[in-house]
Every structure is written in C-alpha cells, then in structure tokens.
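Visitor: can you look at this prediction? I've put the sequence above it.
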Amino acid sequence: TEQDVSNLCVQCQVPFARYYCEICKLFDDDPEKPIYHCDKCGICRVGVKEECYHCDTCNCDYPIHCKGSHECKENLLDTNCPICFENLFHSTKSTTHLHCGHVMHYHCLMSYITEAQSRKCPLCSKSIVKQSLEEIELMDAIIESTREYLPPELKDKKNVSILCNDCLEKSHDCLFHFYGIKCKSCGSYNTRLL
C-alpha cells in the first residue's frame, strides 16, 4: 500500500525495521547495531544513547568514558576519513579518535595498520599506539646487536640530528642506525632525520 514515510504499514501493520527515526527517515533492521538520534548533531548515530554524550565544541558524540579527557577541536568530524575519504560527520560507520586528535573510521584504521604495516597517523606521523617499555628495550637490543654489521663509515656516525614525531623535540649528535634513531627526550623510535 502506498503511504507516507513511516515504520509501520498502514494496511497490515507490519513494521519495516527494528529501528526507525522519524526525523532522519532512517530505517535499520540490524539487531546487532544500536542506533539513536542525537538532537544536537541533527542525525542518527551508531551506539547506545545512554553510553554517549554530545560535546558542543567538537559537535559530535563521544562515549561517556571520554568526558573531560578528550581534546576538543571545533567541528571535529567535519572532515573526511584520511583512508577512504568518506565524510565522517554523516558516516554510519564507527569512528576512532587517535591520541594526536585525528579521527578516522575504525575499520579503516585496522586496515591501514595491517596493510600499510604502519603504526603512525597517516596525517601527522605521531604514533597511533605508544611504544611500550618492552618494545623500546627490544629495539635498543636489536640496534646494539646489529651495529657491528654497519659499514665502517656509518658504524660510529654520531653527528645525526632528528625530529621526534611524537614529542616534536629535536635531538642532535645522535648515533645513526638504519633500523631507527632514538629520541633523547621521550625515548621513542618514531623519529625522522633532519
């Protein structure tokens, strides 16, 4: 039966979907996907309404556990995912906020980490996951155990200057190695030559 937009057939009273938003005219029948309408965003969001809150500065919804701990950025989701280029504000896919403040789709991030084999933000090169003490100690050991295999002109090269992608500090007179050069300020190996 032809009818106005509704979640219920006016003829047989059969519902069209488990979730229906009168404002957005959104239908979704996935029983595994919780959805709610955010009045401040003006659209429906994936998640449980009681577990989320709206940040007026960022103009997006966050899990409640992020309240007071996230770095506010004006209209944070008014951008595209750096991996798939889909607009994040209108996306129905879940997003993730990196420590550097950039946002992307969660599944795009997982794909990027796996396929590009990178643990750096594709926009600013800061570490997505902070290196653990064990990882830093392992890298120290690998570099020390392979130093003797470097060509003689590089084995004791100490006049290297680097910029740390994580703390943004410059370190000078660092010992060169192909595998990585450690930041003197924070100990990260997420560095680049100057």
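Guide: Structure received.
Visitor: residue contacts, the closest residue to Y19 other than its chain neighbours?
Guide: Leaving aside its sequence neighbours, Y19 sits nearest to D28 (C-beta to C-beta, 6 or more residues apart in numbering; 4.4 Å). From N, CA and C alone the C-beta is placed, and that goes for glycine too. Shown in contact with D28 (C-beta atoms under 8 Å, 6 or more residues apart in numbering): 17-20, 35.
Visitor: mark which of those residues are buried, thanks.
Guide: Buried by 16 or more other C-beta atoms under 10 Å: 19-20, 35, out of the contacts of D28.
Visitor: so can I have CSV of those residues showing secondary structure and pLDDT?
Guide: Shown next, in CSV, are those (DSSP: H, G, I helix; E, B strand; the rest coil; pLDDT from 0 to 100):
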residue, secondary structure, pLDDT
Y19, strand, 92
Y20, strand, 93
I35, strand, 91
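Visitor: show me where this structure has its strands.
Guide: Per DSSP state E, the chain carries strands over the ranges 19-21, 26-28, 35-38, 43-46, 52-55, 60-63, 95-97, 103-105, 160-164, 170-174, 191-193.
Visitor: tell me which of those strands sits most buried.
Guide: The highest mean neighbour count among the strands of the chain, using mean count of other C-beta atoms under 10 Å, belongs to strand 103-105: a mean of 22.
Visitor: average pLDDT for that strand, rounded please.
Guide: For strand 103-105, the mean pLDDT works out to 92.
Visitor: list the contacts of it.
Guide: Applying C-beta under 8 Å, 6+ apart, the set of residues contacting strand 103-105 from outside is 76-77, 79, 81-84, 86, 88, 91, 93-98, 112, 122.
Visitor: which of those residues fall in helices?
Guide: Y112 (DSSP state H).
Visitor: out of the contacts of strand 103-105, which end up buried?
Guide: Neighbour counting by 16+ other C-beta under 10 Å classes 76-77, 79, 81-83, 88, 91, 95, 97-98, 112, 122 among those as buried.
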